[in-house]
Each structure stands twice: as structure tokens, then as C-alpha cells.
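Chemist: A structural model of the following input is requested.
(one chain, ligands or ions: 1)
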Amino acid sequence: MKAFFKFANVIGGLPRSGGRIHRGVDPSTKTPLWDVPVASRQDVEDAVTSAKSAFPSWSRSSWEHRRHLLLQARDVLLANRTQMAELITKEGGKPIQFANLEVDHAANFLQFNANCPAFEERVIQDDAELKLTMIQKPIGVVAAICPWNYPLVLAMGKIAPALITGNCTIVKPSPFTPYSILKFVELVQPLFPPGVLQALNGDDTLGPQLTTHPGIDKISFTGSTATGKKIAASAAATMKYVTLELGGNSASIVCPDVDPRIVAPQVALGSFFNSGQLCVASKRVYVHEDIYDDFLQVMVDTVKQWKVAPTSGFESDIMLGPIQNEMQYNIVKQFFADSHANGHRFVLGGELDGPRDNYIISPAIVSNPPDDSLVVTGEAFGPIVPVMRWKDEDEVIRRANDTRTGLGGAVWSSDLDRAYSIADRIEAGTVWINGFEKPLPQGHLHGYKESGLGGEWGHEGLSAYCRPQVLHCYKAQVGPAKL
Ligand code: NAD
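Modeler: Coordinates of the predicted model:
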């Protein structure tokens, strides 16, 4: 039990501590959590060397072998479900009921990727003269750079496809939430050859060390658009493969033919789940004017019923916990301040609390702020949501698309033809129809515009961890015939 709450980097199959120490902060109490080592430059070198030496035999191991190991890793994770969920709650502030879901969802990523069919050789041409084939090969050493909002599941969305396709992976958690990832990598070490799966926690210099390291072949990044742009620029120097899953400002469009009593509670969930700290959350809600007033009232009544509280006592009925860290807390507060300064109408919440012993912000709904206001154009990544009226379908689609991001979106209508036609016109990689935003391991995730570069997840997502090789085999005799 005690050993579970000790944390180390994992390099070459072994835990490694020593050197500098860092501590996360429990956002429910603002108290420091457990010690965690900060990787040194030597740790990075050792991890890359170890991954490089593991790669030849790991990449040649059979898909079936790797599948078997990933399923065993899933079992190890689920055997530690209770403690892993507690770690997620402690480090991230997520209510325990949703931390448990995160562990289950992470297990689903392992299972889904393990069971994906292997890439087959594709025959492009086969005639008397030439056989032309294409195969998919693993890229090499992958650095998986992760954010803090879903620390375990978003890391698993990289680890599982990278490993099943035969890559070696070095995972870098956000320094705000290093614990669940380091623990998972440690727990499954006995399954994998040393160097196949490693984890490094670090300070602000670790990410750039990985993105510039010539021994790393691919960066898979999930995080903010601003950091994504830095990573793309930095990885260009060594021409690494890069996949970027970035921020968004997804719109939910509600048509007049839905029942507000059924749909408004779901839209509220899609907007406020994890206190708004979900990349694809509905960060803007557009409701048709015919049902606007009723819809807004049901949304407000729904959110008012939720228990918003510190989570580190693991109470099972909490719906919303704190913002994960002070930096994000201050960003969200700026959105509140801007709406107050511009006289927006808060129909729920809106108080700017004084100093407290946690990072809780009560959920707020802003009615009809102007389209160019910060709360509509920016990504608060917190519990403040603008709800706007619309009248004309073309007009609302134009407003939904009037953003430099294109991660997700949602459409609600009892006329499915209408819903599909609106979804088709939303410029985003994922659109939910008559359901709130629940990403799934089998659904490919691909941000448009400044929400990303490339995509991950789903069977298609495996190709993000592969590079093709095309073989042109001429059939003419080039030597004596074999007898
Ligand atoms: P962030 O960009 O601040 O940090 C993400 C990771 O990048 C962390 O591990 C951080 O240490 C590392 N990092 C920071 N600077 C770096 C650099 N110069 N080089 C390399 N690595 C660096 O993001 P965050 O605050 O952790 O996450 C919140 C953001 O992530 C939001 O914008 C959210 O929408 C987005 N997000 C997107 C998705 C998606 O799938 N598209 C999922 C979750 C979160």
C-alpha cells in the first residue's frame, strides 16, 4: 500500500529517483502531494538510448504477442482500479465517480487498440512484370507529451496505439498531474522488455528536450494550441513525425424541435463535465429562439442541483470539483471578470470568490453575450458557458464556424436529416448528434484548423504511429534460375 504512493521515473525497465524533486498540488486543498523526481538531461539520454536499443526486437515481435501484452496491461490497470482512481482524484481534482470512469476508459483504450486488426500488406499492382506492395512499419521512438485534464486516459490514447504498432514510447505527463501515469508505467513494467515503455516527469525544460532530441522519431502531443505551435516548430529541426491534438471552442447547436426538458440537462453535462476542462466540451451553446427561454431555465435548474465541492474526501455524489491548477484557475477568473466588465447577464453563478483553500469555481451561465465577447471567442477551459439565441440556420452555422478552432461540436434535433445536414456543415473533426461529448477509443479524433495536425484514435489512428514502405519487385530474371 505504502509503495503505491511512491513515485519514480521509469527508465530502461527500472524505477529511477534521485536528483531534483517536485510535488503536485491537490487542487481541493492546495496542499502538496507526493514527491516525484524531475528528470535530468542524463535521464532523457538514458531513456532514449534504452528505447533505441529495445526497438529492433520489439518492432519485429508479432502483433499477436503485443496484443497479448496490452491485454495483460489492461488487467493490471483494472486490478489497481481503486487506487488509480484515488490518484486521479488527488492529482486532478476529479470527483471519484469520474476518476473511476477515467480508469475504465483508459482500460478500454488498451483493449480497443489490442484488438485492432494488424495492418496487412497492400498489393497495389501484381502483373507479369511487377509486384508493387505497401507495408506499414513502426516509426521508432515516440515521445507522448500529455496534458493535465485527463492525465491517464489521454496518455493511454497514445501508449496503446504506439505499442501495438511496434513503437517504443517515452511518456511525459504534465508536471501538474504526473502520478497516475508514472504509476501505470511502473505497474506494467514486468510485462514489457526494458525500454519499450518508459515515463519521465520533468520541469518546463523536459518537453523541449524531447521535441529537439535527434533520437526521438515522433512526437504525439495533446495540449494547448499555443504549445502545439511551439512543438511543430521545434520538431521541424530534426524533421520528426508530429501529431497534435489541441484546444477547441466547440459549439452545440440546439434546434427548435427538441424537448428542452430532455436536451438541456444533457447539454449542461456536455458543457460542464469535469468543470469544463474537457477539450471537446460545448464551450458555446446556440439555442433556437422558439425554445430559448425554457431551455435556459432547464439548464440553470439542472446545474443548480449538482454538488460542487472539494473532492479529496472521495465523496461519491460530487458532480463538479475544482479547477486543476492555479494557472488555469486564474485564466478562468479572467473570463468571469471580462463578462462582468462588459455587463453580460449571468443567469447562474458569476461570483468572483475571494481567496480560498481550493481552486473551486462555481459554474456560471451567461445569457446572450455578444458574438465577439471573450466568453464566446475564447477557450475558458472552465465552468463558464455562454448560451446564445439563434433564428436562421445558415446564420447559426456561420457563427459556429467563426473560429480558428475546429475540434468538436454537437447538434440536437428530432429531425435526423436536419441534424446530419447541420453536422456536415460544421467545420470540426468530430460532431455529436443528439448526445453530449463523450470521446470513444474507436472514434478517430482529428482537430481541424488550429485544433490540430493529424489525428489519433480509432483504427485509422494507428497509422499515426506507422510509416509506409513501398516495395517495387520486378519479376524479370536477374540471375541463374534456381534449380
Ligand atoms: P499545455 O499545452 O500547457 O501542456 C501540455 C503538455 O505540454 C504538458 O505536458 C507540458 O509540460 C508540455 N509542454 C509545455 N510546453 C512545452 C514545450 N515548449 N515543448 C514541449 N512540451 C511542452 O496544455 P494543458 O494546459 O496541459 O492542457 C489544456 C489544453 O489542452 C486545452 O487547450 C485543451 O483544449 C487541450 N486539450 C486538447 C485535447 C485534444 O484531444 N485535442 C485533449 C485534452 C486537452
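Chemist: give me the most central residue, this protein.
Modeler: Compute the mean C-alpha point of the chain, and by CA atoms, centre = their mean the closest residue is residue 154, 4.1 Å away.
Chemist: tell me how far it lies from the ligand.
Modeler: Separation of residue 154 from the ligand (CB to the nearest ligand atom, to the nearest Å): 6 Å. (Each C-beta comes from the backbone N, C-alpha and C, glycine too.)
Chemist: stretch 95-110 and the ligand, any residue contact?
Modeler: No - applying CB under 6 Å from any ligand atom, one finds stretch 95-110 out of contact with the ligand, separated by at least 12.4 Å.
Chemist: now that stretch: buried residues?
Modeler: Buried residues in stretch 95-110, defined by neighbour count with 16 or more other CB atoms under 10 Å: 95-100, 102-103, 105-110.
Chemist: contact partners of that stretch?
Modeler: Outside stretch 95-110, the residues that touch it by CB atoms under 8 Å, 6 or more residues apart in numbering are 70-71, 73-74, 77-78, 81, 84-86, 88-89, 92, 94, 150, 152-153, 155-157, 160, 184, 273-274, 311, 314-321, 441.
Chemist: restricted to helices, list the residues you listed.
Modeler: 70-71, 73-74, 77-78, 81, 84-86, 88-89, 92, 152-153, 155-157, 160, 184 (DSSP state H).
Chemist: of those residues, grab the buried ones for ChimeraX.
Modeler: Command for ChimeraX that selects the buried part of the ones in helices among the contacts of stretch 95-110, burial taken from 16+ other CB under 10 Å:
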select :70,73,74,77,84,85,86,88,89,92,152,153,155,156,157,160,184
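Chemist: would you map out the domains in this structure?
Modeler: 2-246+451-470, 250-433 (automatic domain parsing).
Chemist: format these as a markdown table; extra columns: mean pLDDT.
Modeler: Converted to a markdown table, the domains of the chain look like this (pLDDT from 0 to 100):
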| stretch | mean pLDDT |
| --- | --- |
| domain 2-246+451-470 | 98 |
| domain 250-433 | 97 |
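Chemist: in CSV, list those along with distance to residue 476.
Modeler: As requested, the domains of the chain are exported to CSV (distance: least, CB to CB, whole Å):
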stretch, distance to residue 476
domain 2-246+451-470, 7
domain 250-433, 46
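Chemist: which residues in the stretch 101-250 of the chain form helices?
Modeler: Remark: helices assigned in the stretch 101-250 of the chain by DSSP state H, counting those that start in this stretch are 151-164, 179-188, 206-212, 225-236.
Chemist: helices and strands around the second one, which ones?
Modeler: Helices and strands in packing contact with helix 179-188 are listed as strand 9-11, strand 31-37, helix 63-79, helix 81-92, helix 151-164, strand 197-199; criterion 3 or more CB pairs under 8 Å, 6 or more residues apart in numbering; DSSP states H and E.
Chemist: tell me the residue of this structure that sits nearest the ligand?
Modeler: Of all residues in the chain, residue 207 sits closest to the ligand, at 2.1 Å by CB to the nearest ligand atom.
Chemist: isn't that residue right next to residue 172, touching?
Modeler: Yes - contact criterion CB atoms under 8 Å: residue 207 and residue 172 qualify, at 6.5 Å.
Chemist: between these two, which contacts overlap?
Modeler: With CB under 8 Å, 6+ apart as the test, residue 207 and residue 172 both reach residue 145.
Chemist: what about these two, which has more around it?
Modeler: Using other CB atoms under 10 Å as the criterion, residue 207 and residue 172 rank with residue 172 on top: 26 against 22.
Chemist: so the more buried one touches residue 144, yeah?
Modeler: Yes - between residue 172 and residue 144 there is a contact under CB under 8 Å: 6.8 Å.
Chemist: and of the helices and strands packed on helix 179-188, who's closest to residue 190?
Modeler: helix 63-79 (8.7 Å; CB to CB).
Chemist: elements contacting that closest one?
Modeler: By 3+ CB pairs under 8 Å, 6+ apart, helix 63-79 packs against helix 96-114, helix 151-164, helix 179-188.
Chemist: apply 10 Å and report the result again.
Modeler: helix 41-60, helix 96-114, helix 151-164, helix 179-188 (3 or more CB pairs under 10 Å, 6 or more residues apart in numbering; DSSP states H and E).
Chemist: okay if I get those helices as CSV plus distance to residue 219?
Modeler: Listed next are those as CSV, based on distance: least, CB to CB, whole Å:
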stretch, distance to residue 219
helix 41-60, 13
helix 96-114, 19
helix 151-164, 10
helix 179-188, 16
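Chemist: so how many other residues sit close to the residue nearest to residue 40 when sequence neighbours are not counted?
Modeler: Among residues not flanking residue 40 along the chain, residue 19 sits closest, at 5.3 Å (CB to CB, 6 or more residues apart in numbering). Other residues lying near residue 19 total 12 when counted by other CB under 10 Å.
Chemist: for residue 19, phi and psi?
Modeler: The phi/psi pair for residue 19 (degrees, to the nearest 10) reads phi 70, psi -140.
Chemist: my guess is it meets residue 8, correct?
Modeler: No - taking CB atoms under 10 Å as the definition, residue 19 is not a contact partner of residue 8, at 11.1 Å.
Chemist: name the residues contacting each of the two.
Modeler: residue 37 (CB atoms under 10 Å, 6 or more residues apart in numbering).
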